[in-house]
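A.B. asks: Fold the stuff below for me.
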Amino acid sequence: MRPSACSAPTSQTPATASYTTRGRRRAHARHSVVCTRFHVPRAWLQVLRPEALAPLRVKLGHIQGPEPMGIPGQAGHYMGQFNPSIVPAPEGLCPRCAYLVSLRIDPLHQCNRRSPLFTPPAGLPKKTPATAWFRNTALALLDAKFEVITWTWLLAAPHVQINPKWAHKNWTVGFGGSDGFRPPWTGQIYDVRLFNLHGRIFATNACAKCNFALMLITVTGDVTADGGLVHLRAWRQTAQRYISWQRWAQGRNQAIFAATRARDSQTVWQARGAGVCGGMAACATVYFQPWLGLVASFGSPAFTSTRYLCMSRRVKRPRGDTTKKGDVNVCGHTPLLQHLEIESVANPEQSSLRNFSDRPPPHPRNFRGRTWFGNTWPPSPPPPPPMPPMQANRFGRLELLHDETAHMALRRRKHRLSTTANLLHVAKRGADGKRCAALLGVGHTRRREGDCTVARQACFLFKKNVPYPFRYGYQYTHFFYTMEPHPPFRLLAASDEFCLSSAQDPSDCESVQFVSGINLEPSEPQWRKYAAPGADYELEARTLLLSYGINDCEAKLASLRLERVWAMLRPAEPGGRVCVVD
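C.D. replies: All right, here's what the predicted structure looks like:
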């Protein structure tokens, strides 16, 4: 069979073959012209065929914006669902809950030429900003078979997103909404990466020019008779947002991971009992990797649980109820007069707790008679005054610990390497029978740019006759890498670049693939139900899950055997190892 000019390099294709999109993206008229100009050697690119593939998509309800938004706020736009991030479900949420997945919901997709990015709707102003459109995050609960149990919208700014007074105009939402309720048009975030710290869910979001922030997410729901969940709600407590103003922490792709400061991490990792550590969570330190070779620390969080009575100024406290009052900043959109047990960080660093409530976004009532396209994220606060000395045993203030960027073996001159997904603890038995552990991550690079990334000046998103197959970067490749599971987290190994085979052609890959989450299968909460006491989850897990977006259009889950991943890794130093013996 004669290979196409855009097929992926295989053992049957010439060394000058290239890869790009197939299947859905054949609608681009000039696609073949563009792809035939790009040739890559086959030596470094490997097309991985996953053992299993599962699509990820939720059934969205009615999405309509406020009337002043004009065409972007009208109902009926097709919504792309992509860039998923997968983590184990919160501990004790429901018996069937295995995984929690975030999905970017965005009408500015690149599924086909009918997208507003390629075919603007009639009457849409050419200089309409992207912030005029709905771009938000949905959270979906999956069972062990990767079927959606239920889903809901993430409210990341409840103090501006919850207001019954403006809910009828679609700016905000009222109290009591759950599952697939109508989402608000303010305070939206997207490209959320989830991180599970022993049952607690943290999240970050992509924003190239925003101050980096780590958020603690509260997830609640009611368990059903079959072990499922209904009335799912997810929000961030307003105070549970930890900001860093460091310029080296800004960007779109940061990796979060947890580790112990001790080298004998496995002993501490299995100590999950009660005590001063609060069930291990306070013993682990949350680390941050904005770029390969940079590692910073947020500190070690301790958690406290408080019982609240959800209230607002519209209701009165029941007589005789002395429960602590919780407003929208704590209870989110939970129904009023409902009691709720909520966890929060007990040892926050005060200098990191400046929230964007310091500078709230303009209220819709101040824009009467004018068109307001809004912001997907309220303005970042101004830089703070000089920080006080670091407080001991506190969580939330970012401190740079290790900088090895000058010695990175993975450094390339032409294509920038970025982290892609939060890091994962993995382990295997060595030839001598000893346990060998590492932190596993995924990085990516891209080799082609669309018109909105190649030009340094402002890009007009909505124009006709776009000569590029994609408006943003494309021809993505990924690579695995491992780091030491304890400080100083030196790079141990990396793999050759790879892409995941497409469903339309197993020997080819889509041009836009973005692995935004990795996890082990089965999920740890499900595995521990049947595991023997003292069993090692990291050693017994045999499958790696990768959640990734395709063509800024759809989301999928792929599974790979961990032994395949270990075999792909090559030591970064001559004579080195891909993992560390405990």
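A.B. asks: could you pull out the helices for the stretch 251-400 of the chain?
C.D. replies: 265-269, 328-331 (DSSP state H, counting those that start in this stretch).
A.B. asks: packing partners for the last one?
C.D. replies: Counting contacts by 3 or more C-beta pairs under 8 Å, 6 or more residues apart in numbering; DSSP states H and E, helix 328-331 is packed against helix 158-161, strand 229-244, strand 303-310, strand 339-345. No exception for glycine: its C-beta is placed from N, CA and C like everyone else's.
A.B. asks: could I get the third one in PDB with only the CA atoms?
C.D. replies: Taking C-alpha atoms only, strand 303-310 is exported to PDB below (Å, rounded to 0.1, in the frame of the first residue of the first chain):
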ATOM      1  CA  PHE A 303      -6.800  19.800  56.700                       C
ATOM      2  CA  THR A 304      -9.600  20.600  59.000                       C
ATOM      3  CA  SER A 305     -13.300  19.800  58.700                       C
ATOM      4  CA  THR A 306     -16.000  22.300  59.700                       C
ATOM      5  CA  ARG A 307     -19.700  21.900  59.800                       C
ATOM      6  CA  TYR A 308     -21.600  24.800  58.300                       C
ATOM      7  CA  LEU A 309     -25.200  26.000  57.900                       C
ATOM      8  CA  CYS A 310     -25.500  27.400  54.400                       C
END
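A.B. asks: which parts of it are buried?
C.D. replies: 303, 308-310 (16 or more other C-beta atoms under 10 Å).
A.B. asks: need those residues in a markdown table with distance to Ile86, can you?
C.D. replies: Converted to a markdown table, the buried residues of strand 303-310 look like this (distance: C-beta to C-beta, whole Å):
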| residue | distance to Ile86 |
| --- | --- |
| Phe303 | 23 |
| Tyr308 | 30 |
| Leu309 | 34 |
| Cys310 | 30 |
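A.B. asks: bridging residues for Ser559?
C.D. replies: Ala52, Leu545 (DSSP bridges).
A.B. asks: ok, back up a step: and the helices of the stretch 251-400 of the chain, which one is worst for confidence?
C.D. replies: For the helices of the stretch 251-400 of the chain, the stretch scoring lowest in mean pLDDT is helix 265-269; its value is a mean of 44.
A.B. asks: what's the spacing between the residue nearest to Leu294 when sequence neighbours are not counted and Leu491?
C.D. replies: Nearest non-adjacent residue to Leu294, counting by C-beta to C-beta, 6 or more residues apart in numbering: Asp403, 5.7 Å away. Distance from Asp403 to Leu491, counting by C-beta to C-beta, to the nearest Å: 13 Å.
A.B. asks: Any chance of the backbone angles for Trp248?
C.D. replies: phi -70, psi -10 (degrees, to the nearest 10).
A.B. asks: ok, it - contacts?
C.D. replies: The contact partners of Trp248, taken as C-beta atoms under 8 Å, 6 or more residues apart in numbering, are 290-291, 294, 400.
A.B. asks: at 7 Å instead, please
C.D. replies: 290, 294 (C-beta atoms under 7 Å, 6 or more residues apart in numbering).
A.B. asks: Give the other helices and strands that the helix or strand harbouring Arg570 contacts.
C.D. replies: Following DSSP states H and E, one finds Arg570 within strand 569-571. Here strand 569-571 touches strand 491-495, going by 3 or more C-beta pairs under 7 Å, 6 or more residues apart in numbering; DSSP states H and E.
A.B. asks: Can you name the element that comes right after the strand it packs on?
C.D. replies: Reading on from strand 491-495 to the C-terminus, the next helix or strand found by DSSP H and E is strand 497-500.
A.B. asks: Looking at Asp403 and Leu491, which is more packed in?
C.D. replies: Ranked by neighbour count (other C-beta atoms under 10 Å), Asp403 and Leu491 place Leu491 first, with 21 against 14.
A.B. asks: Tell me what that one is bridged to.
C.D. replies: Met483.
A.B. asks: wait, it sits on Glu484?
C.D. replies: No - if you go by C-beta atoms under 7 Å, Leu491 and Glu484 don't touch, sitting 8.3 Å apart.
A.B. asks: can you list the weak-confidence ranges in the stretch 301-450 of the chain?
C.D. replies: Scanning the stretch 301-450 of the chain with the threshold set as pLDDT under 70 gives 350-392, 406-415.
A.B. asks: likewise the stretch 101-250 of the chain?
C.D. replies: For the stretch 101-250 of the chain, the stretches flagged by pLDDT under 70 are 207-209.
A.B. asks: Can you list the residue ranges for strands in it?
C.D. replies: Taking DSSP state E, counting those that start in this stretch, the strands of the stretch 101-250 of the chain run over residues 136-142, 148-155, 192-197, 200-205, 212-223, 229-244.
A.B. asks: between the ones you listed, which one is nearest to Gly61?
C.D. replies: strand 148-155 (9.7 Å; C-beta to C-beta).
A.B. asks: ok, back up a step: partner strands of the helix or strand following the strand holding Arg570, with direction?
C.D. replies: Moving toward the C-terminus from strand 569-571, the next helix or strand (DSSP H and E) is strand 580-581. With DSSP bridges as the test, strand 580-581 is paired with strand 435-448 (antiparallel).
A.B. asks: Could you measure from Asp451 over to Gly199?
C.D. replies: 44 Å.
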